[in-house]
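Asks: what's the 3D shape of this:
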Amino acid sequence: MRTALITGANKGIGFETAKQLLENGYFVFIGSRNIDNGESAVQQLKDKGFENAKAIRLDVADISSIENARQEVGEQTDVLDVLINNAGINGGMPQAALEAPVEAFQSVIDTNLYGVIRVTQAFMDLLRNSKEPRIVNVSSSGCSLTLHSDPDWIYYSHKAAVYTASKAAMNMYTINLAYELRDTPFKVNAVCPGFVATDFNNHRGTGTVEEGGQRIAKYAMITKDGPTGKFISEEYNPETGETPW
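Replies: The predicted model follows:
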């Protein structure tokens, strides 16, 4: 049975992605900053008939939490086939470039960039034991430098200096990670679930969590012929998904 770890999987897109992977026969570790919330999510999945899920306390901003999570997962399996770096924060609004305090940037980047780096590095040994390891860094078309520079883009006026900076930096990390793993079976991509209505955006999104989870799960399960080192948004580009950085 293939195994997957999803950070921030106790609700929203992370939870839905877990459900979709479970439907496809994966064992899923439900990463949650609060273990009670994680256990609640696992119970919800069990109530739906999914038994192969386990809650793991994992705070991506706390290295000791990550180390403990790595130990706990390692006690369950020697192989991790999929890592989905889903946990993230938006930093609240407004986020004006001239007014947002540096502390806001530091806090959001600590989770959205450094958190991805911490978790990826901590679980790399288990991922290397997989025959077809996959890493999906959950991103957003809203952090595309190209799109945000285009006045004709539909979301051109939706600027959020703190959040978009953190995710653009995460995208650059994704490029470098994919490059370093280019001669291995790894597939590493930054994937946008779309503008999905969740707690993350106060349910202002136009898409559903089912759509978002499906998009993330798709790239967690891609075959050896699938893309790597790409920025994917099927909402922006329904044909190929490939999105400008």
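
Asks: how about the helices of this structure, start to end?
Replies: Counting by DSSP state H, the chain has helices at residues 12-23, 35-47, 63-76, 102-109, 115-128, 145-148, 161-180, 209-220.

Asks: tell me the mean pLDDT for the fifth one?
Replies: For helix 115-128, the mean per-residue pLDDT is 98.

Asks: ok, the residue nearest to the spatial centre of the chain - contacts?
Replies: Centroid check for the chain by C-alpha atoms, centre = their mean gives residue 86 as the closest residue, at 2.5 Å. Residue 86 makes contact with 6, 7, 8, 9, 13, 14, 17, 138, 216 under the criterion C-beta atoms under 8 Å, 6 or more residues apart in numbering. (C-beta placed from N, C-alpha, C; glycine too.)

Asks: Could you find the closest non-adjacent residue to the last one?
Replies: Pointing back at residue 216 there. Leaving aside its sequence neighbours, residue 216 sits nearest to residue 17 (C-beta to C-beta, 6 or more residues apart in numbering; 4.6 Å).

Asks: who's in contact with the one you found?
Replies: The neighbours of residue 17, taking C-beta under 8 Å, 6+ apart as the test, are 6, 9, 84, 86, 212, 213, 216, 217, 220.

Asks: Hmm, residue 157 and residue 147 touching each other?
Replies: No - if you go by C-beta atoms under 8 Å, residue 147 and residue 157 don't touch, sitting 12.0 Å apart.

Asks: Which one of those two is surrounded by more residues?
Replies: residue 147 (19 against 8; other C-beta atoms under 10 Å).

Asks: Look at the residue nearest to that one when sequence neighbours are not counted and say how many residues are nearby.
Replies: Counting by C-beta to C-beta, 6+ apart, residue 153 is the residue found nearest to residue 147 once chain neighbours are left out, at 4.7 Å. By other C-beta under 10 Å, the residues close to residue 153 number 16.

Asks: What residues are bridge-paired with the closest residue to residue 139 other than its chain neighbours?
Replies: Nearest-residue entry for residue 139: residue 190, 4.0 Å, with adjacent residues in sequence omitted and distances by C-beta to C-beta, 6+ apart. For residue 190, the beta-bridge partners under DSSP bridges are residue 137, residue 231.

Asks: ok, now how distant is residue 190 from residue 108?
Replies: With distances taken as C-beta to C-beta, to the nearest Å, residue 190 is found 17 Å from residue 108.

Asks: Same drill for the two, tell me which one is more crowded.
Replies: Counted by other C-beta under 10 Å, residue 190 and residue 108 do not tie: residue 190 has more neighbours, with 31 against 24.

Asks: Can you give me the pLDDT of the more buried one?
Replies: For residue 190, pLDDT reads 98.

Asks: What of residue 199?
Replies: According to the model, residue 199 carries a pLDDT of 57.

Asks: and if you look at residue 204?
Replies: Taking residue 204 on its own, its pLDDT is 56.

Asks: Please apply the same query to residue 220.
Replies: Residue 220 carries a pLDDT value of 98.

Asks: who's in contact with stretch 167-178?
Replies: By C-beta under 8 Å, 6+ apart, stretch 167-178 touches 88, 109, 112-113, 116-117, 120, 135, 137, 139-140, 142-145, 186, 188-190, 228-229, 231, 245.
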